[in-house]
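[1] For reference, the sequence and a predicted model appear below.
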Amino acid sequence: MAKDKENLNIVVVGHVDHGKSTLIGRLLYDTGSLPEGEIEKVKRISEENGKKFEYAYLLDAFEEEQKQGITIDITMLQFFTEKRDYVIIDAPGHKEFLKNMISGAASAEAAILVVDAKEGVQEQSKRHGYILSLLGIKKVFVAINKMDLVDYSEDRFNEVQSEFNKFLNNINIYPEGYIPISAANGDNVANKSEKMPWYNGQNILESMDSIEKDRGIEEKELRFPIQDVYKFDSRRIIAGRIESGTLRKGDEIVIYPSGKTTKVKSIEAWQDRDRTDVVTAGMSVGITVENEFYNKRGEFICHKDAPITVGNVFNANVFWLGDNNLVKDKTYKLKIETQEAEFKIISINKITDAVTLDSDERNFIKKNDVAEVTIKTEKPICFDKFSELQSTGRFVIVDGYDISGGGIISAVEDSLKREIKGVKSKNISIRKRLVSRRDREKNLGQSGKVIWLTGLPGCGKNEIAVKLEKRLMDLGKKVYYLDSSHLRFGLSSDLTFKPEDAHEQTRRIAEVANLFADSGMITIVTSVSRFKEDREYAKSIIGEKSYVEIFIDADGEVCRKRNPSIFSEDSDSIFEYERSDYPVITLYIGKSEFNSDSKVEDIVDVLGYI
């Protein structure tokens, strides 16, 4: 295929047995896109199975599909015309396999919605239309298929068109055109049909070529989700697909959700002839950065002046396809690009029947319902509003191991969200130094680390930290004890003990501790940091390799006995501590007086590599 032609992803959807696969098979045949000998092979298999050949069989990749006569999985095929290269996505229409359509349709830029001229508009036809609207796919053609079964009747064509057009317009889809076809016979697929002289419009192939591809995606905000990080020789190559925007060598970038800033050092290529200093939306790339810190799958690279939203509460429109009801306060998983996070629905605001468009009010969402909900994730995630950037504004929902729904982000709930803010300062840059962190660590004879002691007030963190600092210094280590309460006399003097300020306090502690670690020091932090997401965020700031979390496990009775002065009012809330769901070191504090010296030795033994 010619490299200079543009690409277009187009999904074909519709009710079961309305002819989607037949239409695609016919397109492949009429455009000469089938592998040599493929059609003869399929005809032979059909004959051996005692079946009449159908073009839909060209798409049946699984034996089970041919036995059942329904398309089970998402099928993606490539073919090309003189104008462009196409990726055709065949999305299942059978009700039990509708969930697969979300995965297929989510990558499409346009759609063909197939309706049987004889059966007319069915429930799944409407549901598919609703999902296209939900996913923001507005460039839609409707193919009214099997016109041969209604004697190529213009009246029947107009009747189906009128019925479907009214429904689609109500969900803000205004089709580019309605095309009468017979996919099995090839009428109006790649060639003009002589059997419908009353139709003067374009055939399917002409309609596809007439679709205006969205321009300017490369000019939008940079969104580069990290797929993986590979280590080659001395390089750490960050790999992924650029979803929007343009990235250049030397660009200043921010990596979210940590908010760390750096510059693009190089854009990698397998061969020298493929090297470039500029990459744009749609390209899969690998880059290196000037400041090498821990990066991982699911993070996002953005330009400093166009930050992505980072938060854990937002409103969304969801389409539910699971067998079990979607309910409040149950844990599910959502996926946005390469990012995954557990979440709960904290509010169901409105439920709509995707077929009748009637509204309902109840505290659960049934299969095939569309609903407006408020979602809270268990950790801060990166996202955009769908109206601003589609790729980072839509998500799929996983229940157990199954993709059971999807949705789009409609708004950020300002009254509930906790947003981790990006860098707001302008015209600043990271200055290159002559001394690197590695140089400092080599000079000090140790690696920079942050030992994060966390636990309830009164659990013994400070007593352990004071003695740990002395013990490590006696061992010849360069160490500093950063007591978070001391920050409240200066850097954090503007903060209270309210939850929203507690989040910010933890962030500030982490940023300061990270500077110490960058200098090569071993830094001991004591911080209640009772929110799991805050500690996870602190770890992302400091870097997983430099961060050591130690949980001082003491129950409320022990803490109250050790430090009764802090338990005066609202004492119940002080005991709300969210444990980490990743491996940490735990020191158990019993009800009897504990020996802090022995706890320090326990830490030194465990951290023998320091």
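    Great, that's in hand.
[2] drop to CA atoms for contacts and neighbour counts, all remaining ones
    Will do.
[3] And D501, how far from C302?
    To C302, D501 is 26 Å away according to CA to CA, to the nearest Å.
[4] Comparing these two, which residue is more hemmed in?
    The neighbour count for D501 versus C302, taken as other CA atoms under 10 Å, is higher for C302 (26 against 14).
[5] Quick check, that one in contact with S258.
    No. The criterion here is CA atoms under 8 Å, and C302 misses it with S258 at 11.8 Å.
[6] Can you check which residues contact both of these two?
    Counting by CA atoms under 8 Å, 6 or more residues apart in numbering, no residue touches both C302 and S258.
[7] Okay, Y29 and E557: tell me how far apart.
    76 Å.
[8] More neighbours: which of those two?
    Y29 (18 against 13).
[9] can you confirm the more buried one is in a helix?
    Yes. Counting by DSSP: H, G, I helix; E, B strand; the rest coil, Y29 falls inside a helix.
[10] So A513, which state does it fall into?
    helix.
[11] give the contact list for it.
    Contacts for A513 (CA under 8 Å, 6+ apart) come out as V450, L482, T523, V525, I542.
[12] farthest-separated two in the residues you listed?
    Farthest apart among the contacts of A513 by CA to CA are L482 and I542. That separation is 14.3 Å.
[13] Looking at the two, which one has more neighbours?
    The neighbour count for L482 versus I542, taken as other CA under 10 Å, is higher for I542 (27 against 23).
[14] Surely the more buried one touches A510?
    Yes. Counting by CA under 8 Å, I542 does reach A510; the two are 6.7 Å apart.
[15] will you turn the contacts of A513 into a markdown table that also has pLDDT and secondary structure?
    Compiled in a markdown table, the contacts of A513 are given as follows (pLDDT from 0 to 100; DSSP: H, G, I helix; E, B strand; the rest coil):
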| residue | pLDDT | secondary structure |
| --- | --- | --- |
| V450 | 95 | strand |
| L482 | 93 | strand |
| T523 | 96 | strand |
| V525 | 95 | strand |
| I542 | 87 | helix |
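[16] Just name the closest of those residues to I112, please.
    Closest to I112, out of all of the contacts of A513 and judged by CA to CA, is I542, at 48.6 Å.
[17] Spatially, which residue comes closest to the closest one, not counting chain neighbours?
    Spatial nearest neighbour of I542, excluding adjacent residues (CA to CA, 6 or more residues apart in numbering): N514 at 5.0 Å.
[18] Leaving out sequence neighbours, find the closest residue to K330.
    Nearest to K330 is K344, by CA to CA, 6+ apart, at 5.6 Å.
[19] secondary structure class for that neighbour?
    Following three-state DSSP, K344 is assigned to strand.
[20] That one reaches L326, doesn't it?
    No. With contact defined as CA under 8 Å, K344 and L326 do not form a contacting pair (10.0 Å).
[21] Please identify the helix or strand for E504.
    helix 499-518 (DSSP states H and E).
[22] For that helix, give the mean pLDDT please.
    The average pLDDT within helix 499-518 is 89.
[23] Just the buried residues of that helix, please?
    502-510, 512-514, 516-518 (16 or more other CA atoms under 10 Å).
[24] Near A117, how many other residues are there?
    Counted by other CA under 10 Å, the residues lying close to A117 total 27.
[25] got a list of what it touches?
    Contacts of A117 (CA under 8 Å, 6+ apart): I144, N145, K146, M147, L149, V150, R156, F157, V160.
[26] Now, those residues that are in strands?
    Judged by DSSP state E, the contacts of A117 include I144, N145 as members of strands.
[27] pLDDT below threshold where in this protein?
    1-5, 35-38, 56-76, 90-107, 215, 412-432, 563-575, 590-593, 609-610 (pLDDT under 70).
[28] can you list the domains in it?
    6-210, 217-303, 309-412, 437-606 (automatic domain parsing).
[29] Tell me where the stretch 301-450 of the chain has helices.
    437-444 (DSSP state H, counting those that start in this stretch).
[30] gap between the closest residue to F167 other than its chain neighbours and G120?
    Excluding the flanking residues, the one nearest F167 by CA to CA, 6+ apart is K126, at 7.6 Å. Per CA to CA, K126 is found 11 Å from G120.
[31] between these two, who's got more neighbours?
    With neighbours defined as other CA under 10 Å, K126 and G120 compare such that K126 has more, 22 against 19.
[32] quick one: that one and L357 touch, right?
    No. If you go by CA under 8 Å, K126 and L357 don't touch, sitting 9.9 Å apart.
[33] still on that earlier bit, tell me what angle the helix holding E504 forms with helix 437-444.
    60 degrees (axes from the mean of the first three to the mean of the last three CA atoms, to 10 degrees).
[34] starting at the chain centroid, how far to helix 499-518?
    Relative to the mean C-alpha coordinate of its chain, helix 499-518 is positioned 26 Å out (CA atoms, centre = their mean, to the nearest Å).
[35] Kindly report the same for stretch 259-274.
    With CA atoms, centre = their mean, you get 23 Å for stretch 259-274.
[36] and it, how far apart are its ends?
    Termini of stretch 259-274 sit 31 Å apart (CA to CA).
[37] That one: which residues count as buried?
    G259, K260, T261, T262, K263, V264, K265, S266, I267, E268.
[38] tell me which element the third one falls in.
    Using DSSP H and E, the element containing T261 is strand 260-267.
[39] Within its sheet, name the partner strands of the helix or strand that that strand is followed by and how each one runs.
    The element immediately downstream of strand 260-267 (helix or strand, assigned by DSSP H and E) is strand 278-280. Partners of strand 278-280 in the sheet, by DSSP bridges, are strand 246-248 (antiparallel).
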